[in-house]
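# below are the sequence and a predicted model; questions follow.
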Amino acid sequence: LRQLLMQADLYYGKQCYEYAYIFYKKFLNYIIEELPNHKEYSKGLYTAKLKNEVFDKLEKVAKKLDERDKVNAILQESKEAEEFEAALELSKSEYVYRIE
């Protein structure tokens, strides 16, 4: 489990937010769902404070991914609008050329 958290922190530091998100989610999944069912589980191993810290990091990563996706969507719309305008100008010039 420490490896999962270390990997998540490493990816977060490198701004690889998709991978950080995945590793934080895996870590939380294990300590919330899997670990309590383990026969050698000791409740003091992963504290509520650590869970809250990881939840906070996961929320930050999710916000960064949402912001990036919004920016990418705006850029894609802008690119599509530019391509449409270029195609429109091309078709207008071809139309004028055919008339003459």
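Great, that's in hand.
# what about the closest residue in space to residue 55 that isn't next to it in sequence, how many residues nearby?
In this structure, residue 55 finds its nearest non-sequential neighbour in residue 28, 7.0 Å apart by Cβ to Cβ, 6 or more residues apart in numbering. Just so you know, the C-beta spots here come from the backbone N, C-alpha and C atoms, and that holds for glycine as well. For residue 28, the neighbour count with other Cβ atoms under 10 Å is 19.
# SS state for residue 28?
Secondary structure for residue 28, judged by DSSP: H, G, I helix; E, B strand; the rest coil, is helix.
# helix, strand or coil for residue 5?
Residue 5 - assigned by three-state DSSP - is helix.
# export stretch 18-27 to PDB, keeping only CA atoms.
Written as PDB, here are the backbone C-alpha positions of stretch 18-27 (Å, rounded to 0.1, in the frame of the first residue of the first chain):
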ATOM      1  CA  GLU A  18      -4.400  10.800 -14.700                       C
ATOM      2  CA  TYR A  19      -2.000   8.300 -13.200                       C
ATOM      3  CA  ALA A  20      -2.000  10.100  -9.800                       C
ATOM      4  CA  TYR A  21      -5.800   9.800  -9.800                       C
ATOM      5  CA  ILE A  22      -5.700   6.100 -10.600                       C
ATOM      6  CA  PHE A  23      -3.200   5.300  -7.800                       C
ATOM      7  CA  TYR A  24      -5.000   7.500  -5.200                       C
ATOM      8  CA  LYS A  25      -8.200   5.700  -6.100                       C
ATOM      9  CA  LYS A  26      -6.600   2.300  -5.800                       C
ATOM     10  CA  PHE A  27      -5.000   3.200  -2.400                       C
END
